[in-house]
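1. Can you look at this prediction? I've put the sequence above it.
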Amino acid sequence: MLLQVLGTAAGGGVPQWNCACSGCAGARAHPDRHRRHASLAVRADDDHWYLINATPDIADQIERTPALHPGPGTRRTPVAGIVLTDAELDHTLGIARLREADRIEVLGTGPVRAALCERARLDAILTPYADLVWRELGCVPVPLSDGSDVEVSALPVSAKRPRYAAGTPSAGPGSAASPRAAAEPWVVALRLHDRHTGGTALYAPALAAWPDAFQEALADADVVLLDGTFWDDEEPRRSGFATRTATGMGHLPIDGPGGTARRLAPLAARCFYTHLNNSNPLVDPTAPQHQELAALGLAVAAEGMEIAL
């Protein structure tokens, strides 16, 4: 199994088009600090790759990744489909960007499919352009493609719905960090397992809870790419763009008594943070928080990095 990191930023990217915070200003002054929306590419076999989430940067991400380039036929592409962790716009808008394809295969949970098709009307929009084919994503592992040794399964981690799907009947009650997370698979972590090599990766760009099943999957993983949206719980309020804390917005913070860094540090797996918000000090490669992570054996994922399992 081969993983390719396509992007590491939260919604809006870094820099965000309408933001002049220190993180965005620093990225404008230093283009090497630019971050695209968080996404991952997974090689299912020699000829097929699946994208984990379809971000607004999807075309740029494909162009920057030679393994995803089309050829040798004029319209032959190695991009075989998309696996969704949730129905948020920053993880799904790129589906429409692929409308030039004859067929778009998407793996997602029931609530995610319902939100995108019934609320966002994605199927109705794309039908005149491409055949949108859905595959159910659940807790039972399924091969990424026919004959692939790479399997994917979902671990519910949050009942948070995107704003446009508020009030969707299948959602049930609960806030972003609802204790009903295990019963409402609006947001999932993905477990990717290679039956041939035995390698396992866990990808969780949005994490509002830490269920027992997620902890068990962590113990079995070789590589973990985890939600690094906010450094600490007060960051959104301190930065002035929200009235809720990080946990209130559906993202466990990295630092602090309940932070994820201390949960990851004891693991044998290689652990990387992704999905960084522009307010997170980690978007600056010179920030001292990088040394704090390094002392715990943790790091921030680099865009373009390859992980072989």
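-> Great, that's in hand. Numbers count the residues shown, from 1 in each chain.

2. Would you enumerate the residues in contact with V112?
-> Counting by CB atoms under 8 Å, 6 or more residues apart in numbering, V112 touches 84, 86-87, 137, 185-186. Every residue, glycine included, has its C-beta placed from N, CA and C.

3. Neighbour-wise, give me the winner out of those.
-> W186 (33 neighbours; other CB atoms under 10 Å).

4. Please give me every residue in contact with that residue.
-> Here W186 is in contact with 86-87, 109, 111-112, 115, 156, 158-161, 171 (CB under 8 Å, 6+ apart).

5. Quick check: which element contains the nearest residue to P70 once chain neighbours are set aside?
-> Sequence neighbours aside, T77 is the residue nearest to P70 in space, at 4.5 Å (criterion: CB to CB, 6 or more residues apart in numbering). Take DSSP states H and E as the rule and T77 turns out to sit in neither a helix nor a strand.

6. State the mean pLDDT of stretch 216-236.
-> Mean pLDDT, stretch 216-236: 97.

7. so where's the stretch 1-150 of the chain shaky on pLDDT?
-> Nowhere does the stretch 1-150 of the chain drop to pLDDT under 70.

8. about what we covered before: now do the residue nearest to P70: how many residues are near it, please.
-> What T77 shows, counting by other CB under 10 Å, is a neighbour count of 16.

9. which ones are touching it?
-> Per CB under 8 Å, 6+ apart, neighbours of T77: 68, 70, 101.

10. The first one contacts I62, correct?
-> In this case it means L68. Yes - applying CB atoms under 8 Å as the test, L68 and I62 come out as touching, 4.6 Å apart.

11. So which of the two has more stuff around it?
-> I62 (23 against 19).

12. For the contacts of W186, which single residue is the most surrounded?
-> Result: S158 is most packed of these (other CB under 10 Å), 31 neighbours.

13. give me the number of residues near E235?
-> So E235, with other CB under 10 Å, has 23 neighbours.

14. what's the answer for P281, then?
-> There are 17 residues near P281, going by other CB under 10 Å.

15. ok, now the one 10 residues further on?
-> Q291 is flanked by 8 other residues according to other CB under 10 Å.

16. name the helices or strands packed onto the helix or strand it falls within?
-> Using DSSP H and E, Q291 maps to helix 289-295. Contacts defined by 3 or more CB pairs under 8 Å, 6 or more residues apart in numbering; DSSP states H and E place helix 289-295 against strand 298-300.

17. could you point out which element follows the strand it packs on?
-> Immediately after strand 298-300, counting by DSSP H and E, sits strand 306-308.

18. in that following strand, what's buried?
-> For strand 306-308, the neighbour count (16 or more other CB atoms under 10 Å) marks I307 as buried.

19. cool, stretch 16-26 as well?
-> 16, 19, 21, 23-24, 26.

20. Quick check: end-to-end length of it?
-> Start and end residues of stretch 16-26 are separated by 11 Å (CA to CA, to the nearest Å).

21. Please enumerate residues in contact with it?
-> 12, 14-15, 33, 239, 278-281, 283-284.

22. Can you tell me the closest non-neighbouring residue to the most centrally placed residue in the chain?
-> When CA atoms, centre = their mean is applied to the chain, the residue found nearest the centroid is P205 (4.0 Å). Using CB to CB, 6+ apart and skipping residues adjacent in sequence, the residue nearest P205 is H275, 4.1 Å away.

23. Any idea how many residues pack against the one you found?
-> Neighbour tally, H275, other CB under 10 Å: 30.

24. mind checking how far it is from D45?
-> 27 Å (CB to CB, to the nearest Å).

25. can you check H193 too?
-> Relative to D45, and taking CB to CB, H193 is found at 15 Å.
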